[in-house]
Structure formats: C-alpha cells, structure tokens
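> Here's my sequence, what's the structure:
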Amino acid sequence: MKTQDPVQSYKEIQIKTATPAKLIVMLYDGSIRFINQAIEAIGQKHRGFEKASNYIIKAQDIINELMVSLDFEKGGQIAKNLFSLYIYLNRRLIEANIQKDPQILEEVKKMLMELRGAWAEAAQKVQGDTVPLKTGTINIAG
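Coordinates of the predicted model:
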C-alpha cells in the first residue's frame, strides 16, 4: 500500500481549489523559487552548474505555462504585452543559463516579483473568480 506524501497532497489540494488568479500567483512563486535555487547553485561554481541549469529550465517551463495561459481575446493589449515580456524573460533565462550569470537571474527575478505582486493584488480583489484557466501540462506542485 502506497502512502502519499502529506506535503504533496496539500500542494495538490491548493492547486485544485485555487482560482485562476491564484494559480497565476502560484506559478510566479514557483518560478521565483527556482531562480533563487539557481542563484544559490551558481554560487557553488562548477559543482552547482548542472543544478543551476535544471532550476533555470524549470523557471522557463513555468514562464512557458504563463504564456500558454494568456487569453488574447479577453486580455487584448495586456495579454500581448505580457506575452512579449515572457518572451524577453525566457531569452534572459537562456542567457543566464549559458553564462551562469546570477545578475541576469536577479534581473528576471525582480521583474517576476513585480508581476507577482500585481497578480496577488488582483487575486485578492477578485475573490469570486470562476473563469477557467487554460493550462498546459506543467506540474506546479513539485
């Protein structure tokens, strides 16, 4: 008999019961967490470069998920602007990964934190948010 990890169960319940706006905030949280882990791994020099690369790729996966969730019909110019910003962030993450440059990661993290703050504020204002969120296949619980 397989027992499920209680922390993993809690994360899954949080995701399944979250509003679309809250899910976006959770995606930002995940990307920021992976960037922080990448910065820490880069600090370990060559021993941490592979780990850093993996964390950066996870952050990119989340940004790709944010891109997939954009609704251009309802979001209009804001969705287009976010899409362009996500492309920029992904490009910077690729550069950070190639160069193993924590300063680029800090730049990306700062932008993500600003976006996260705006989404968190919006999520609080829209408590009754029931619009379904388009999603890809990324697992934000892990």
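
> CA only for contacts and neighbour counts going forward, please
Noted.

> any idea how far the lengthiest helix in the chain is from the chain center?
Ranked by residue count and defined by DSSP state H, the top helix of the chain is helix 72-99. Helix 72-99 sits 12 Å away from the centroid of its parent chain (C-alpha atoms, centre = their mean, to the nearest Å).

> Give the buried residues for that helix.
For helix 72-99, a neighbour-count test (16 or more other C-alpha atoms under 10 Å) marks 79-80, 82-83, 86-87, 89-90, 92-94, 96-97 as buried.

> Including pLDDT, could those residues go into CSV?
Formatted as CSV, these follow (pLDDT from 0 to 100):
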residue, pLDDT
A79, 93
K80, 96
L82, 96
F83, 97
Y86, 97
I87, 98
L89, 98
N90, 97
R92, 98
L93, 98
I94, 98
A96, 97
N97, 96
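
> which one of those sits closest to L112?
Set against L112, the nearest of the buried residues of helix 72-99 by C-alpha to C-alpha is L89 (8.7 Å).

> Mean pLDDT per element in the chain, and the minimum belongs to which helix or strand?
Least confident helix or strand of the chain, by mean pLDDT, DSSP states H and E, is helix 6-17 with a mean of 60.
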